[in-house]
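Engineer: Structure here, sequence nowhere to be found:
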């Protein structure tokens, strides 16, 4: 069995960028780093995000604070410094060349924002969009990954043969596959997707194309919005998700040692053992990732739920009933913890059958000259079935399932003397917890190729998924209006980071005095 031409390109790319970790001493004082790192972990746990998106979100948050309160001429340098403090990027990435690129990126995007603000563009929020693409561009500067982009292109090449939108345009097909890979493989959030589509349409923002970008922005943003809201996007994304696990394991093997791919030519059994070991290692990380996701979810819920429970529920009870109903209040506060514990207990890691299927697909990916993995996905943009009476019946059935679920919950709560406010808050946070539980389950399925359907799966989909969809909308709304985050970012973070900066300069001063002793 020989490596195909695609595998050779992957191997060469990873060899070129393969970096052995260096144990060079850091110039950042460990106390400063520990303080900044602790704060960042706490701050990022408040918002529910994929771990892969924490760097971009941190860049966006620091940028907003610096541009609002700080010296705009020093924003780039200060931003990079804070990212190094918090251990978001290695210190060697904070070199003068990268800092200069960050400064230029900020200048260009702020200039673009200024020019766009003079136009009547109603399709998007200009400020939010520019913040998204600017923070994404800075992440790309400070933490590039040529290897990951190479695998993205490889996945695109493989899955392009499987996807067919029978009554759609080829361009739509390509863009939707591109978006799905960015989401499923690289875990891109909305901001990074917008950034990548922006680059595809306008190119890399520079002094040369700034004027043309501003002039044609409205036309381009309409195209981007249409792709972001594409009718079949979820079907394509769910399909791509199921094809991703072999590529993740292949990436692990390449990052450890690109030359290990050659084992398939010289010692196939050793290569198989390597794949199986990588699978087991990844399976073992699932529990820790789920545990971290549960903790972050509980912090996210607690900071919003306690506010709701005491400011709304307790106030309502006092005004309407003259006293607080403590049992419903305690149930409303503790129920998310119980749900998350149950979710954690029900998580199951993939088994040997899943590993064997990953191994089979990796063999195809790196050995066949025309690799094809997974089943074909043939869909229609204008599916007549969505207009049929049967589809209407299923839609009504789904709404009925949601209504029955909520009705049974309300009846149960009334049985235990929950007030109207207590019932509303319980359902409100049940929806959010359901969505977060679904997201955590998706995290646990990251390496699952062989889907397991259970007897109760259709029942869960009928009664649980509508509640989870409502929870998704509510979670996004809470993130946008969370007053606690505003207070934390502008009233607490600014003096805290100022204190960290003071300590850094103080320790530097002490160090210089110690060196002066000769």
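Structural biologist: Good, I have the coordinates. None of the values given here were measured: they were computed from a predicted structure.
Engineer: Spell out the secondary structure type for residue 123.
Structural biologist: For residue 123, the secondary structure call by DSSP: H, G, I helix; E, B strand; the rest coil comes out as coil.
Engineer: Could you give the number of residues near it?
Structural biologist: With neighbours defined by other CB atoms under 10 Å, the count for residue 123 comes to 12. Every residue, glycine included, has its C-beta placed from N, CA and C.
Engineer: Can you tell me the closest non-neighbouring residue to it?
Structural biologist: Taking CB to CB, 6 or more residues apart in numbering as the measure, residue 123 lies nearest to residue 221, with 5.2 Å between them; neighbours along the chain are not counted.
Engineer: before we move on, what about residue 212?
Structural biologist: On the basis of CB to CB, 6+ apart, the spatially nearest residue to residue 212 that is not a chain neighbour turns out to be residue 202, at 7.8 Å.
Engineer: Check residue 466 too.
Structural biologist: residue 402 is the one closest to residue 466 (CB to CB, 6+ apart), at 3.6 Å.
Engineer: And the helix or strand hosting that neighbour, how far out from the chain middle?
Structural biologist: Assessed by DSSP states H and E, residue 402 sits inside helix 389-415. A distance of 31 Å separates the C-alpha centroid of helix 389-415 from that of its chain, computed with CA atoms, centre = their mean, to the nearest Å.
Engineer: list the helices and strands it packs on?
Structural biologist: Contact analysis of helix 389-415 by 3 or more CB pairs under 8 Å, 6 or more residues apart in numbering; DSSP states H and E lists helix 420-444, helix 457-463, helix 465-481 as its packing neighbours.
Engineer: Helices of the stretch 51-200 of the chain, start to end?
Structural biologist: Taking DSSP state H, counting those that start in this stretch to define them, one finds helices in the stretch 51-200 of the chain at 54-69, 75-85, 96-116, 126-142, 146-160, 170-184, 190-202.
Engineer: and the longest one, what's its mean pLDDT?
Structural biologist: Read it as helix 96-116. Averaging the model's pLDDT scores along helix 96-116 yields 94.
Engineer: Measure how that helix sits relative to helix 54-69, angle-wise.
Structural biologist: With axes from the mean of the first three to the mean of the last three CA atoms, to 10 degrees defining the directions, helix 96-116 sits at 60 degrees from helix 54-69.
Engineer: Can you list the buried residues in helix 96-116?
Structural biologist: By 16 or more other CB atoms under 10 Å, the buried positions in helix 96-116 come out as 98-99, 101-103, 105-109, 112-113, 115-116.
Engineer: for the fourth one, same thing?
Structural biologist: When burial is assessed from 16+ other CB under 10 Å, helix 126-142 yields the following buried residues: 126, 129-142.
Engineer: which outside residues touch that helix?
Structural biologist: Outside helix 126-142, the residues within contact range by CB atoms under 8 Å, 6 or more residues apart in numbering are 55-57, 59-60, 63-64, 79-80, 83, 89, 93-94, 98, 101-102, 105-106, 109-110, 112-113, 116-117, 190-192, 194-196, 198, 205, 221.
Engineer: shaky segments in the stretch 101-250 of the chain?
Structural biologist: Across the stretch 101-250 of the chain, the stretches falling below the confidence threshold (pLDDT under 70) are 167-168.
Engineer: so what's residue 410 up against?
Structural biologist: For residue 410, the contact set (CB under 8 Å, 6+ apart) comprises 423, 427.
Engineer: tell me the SS of the residue nearest to residue 123?
Structural biologist: In terms of secondary structure, residue 221 is helix; the call rests on three-state DSSP.
Engineer: So what's the residue count around it?
Structural biologist: As a burial measure, the neighbour count of residue 221 was computed by other CB under 10 Å and equals 21.
Engineer: Contact partners for it?
Structural biologist: Residue 221 sits in contact with 121, 123-124, 129, where contact means CB under 8 Å, 6+ apart.
Engineer: What of residue 368?
Structural biologist: Applying CB under 8 Å, 6+ apart, one finds that residue 368 lies in contact with residue 4.
Engineer: how much space between it and residue 401?
Structural biologist: Distance from residue 368 to residue 401, counting by CB to CB, to the nearest Å: 44 Å.
Engineer: which of the residues in stretch 184-200 are buried?
Structural biologist: Within stretch 184-200, the residues that qualify as buried are 184-186, 188-189, 191-198, counting by 16+ other CB under 10 Å.
Engineer: er, stretch 221-229 I mean
Structural biologist: 221, 224, 227.
Engineer: Stretch 364-383 too?
Structural biologist: Using 16+ other CB under 10 Å as the test for burial, stretch 364-383 gives 364-367, 371, 373-374, 377, 379.
Engineer: And for stretch 411-428?
Structural biologist: Buried-residue list, stretch 411-428, by 16+ other CB under 10 Å: 413, 418-419, 421-428.
Engineer: One more: stretch 264-277?
Structural biologist: Buried residues in stretch 264-277, counted by 16+ other CB under 10 Å: 264, 271-272, 274-276.
Engineer: circling back: of all the buried residues of stretch 184-200, which comes closest to residue 157?
Structural biologist: Taking CB to CB as the measure, residue 157 lies nearest residue 185 of the buried residues of stretch 184-200, at 13.2 Å.
Engineer: Ignoring the adjacent residues along the chain, who's closest to the closest one?
Structural biologist: Nearest residue to residue 185, sequence neighbours excluded (CB to CB, 6+ apart): residue 244, at 5.2 Å.
Engineer: how close does residue 126 get to residue 117?
Structural biologist: Plainly put, residue 126 is 6 Å away from residue 117 if you go by CB to CB.
Engineer: oh, I was asking about residue 89
Structural biologist: Between residue 89 and residue 117 the computed distance is 31 Å (CB to CB).
Engineer: Those two: who's more crowded?
Structural biologist: Just comparing residue 89 and residue 117: by other CB under 10 Å the higher neighbour count belongs to residue 89, 18 against 11.
Engineer: Give me the pLDDT value at that one.
Structural biologist: As summarised for this prediction, residue 89 has a pLDDT of 88.
Engineer: That one touches residue 143, doesn't it?
Structural biologist: Yes - taking CB atoms under 8 Å as the definition, residue 89 is a contact partner of residue 143 at 5.7 Å.
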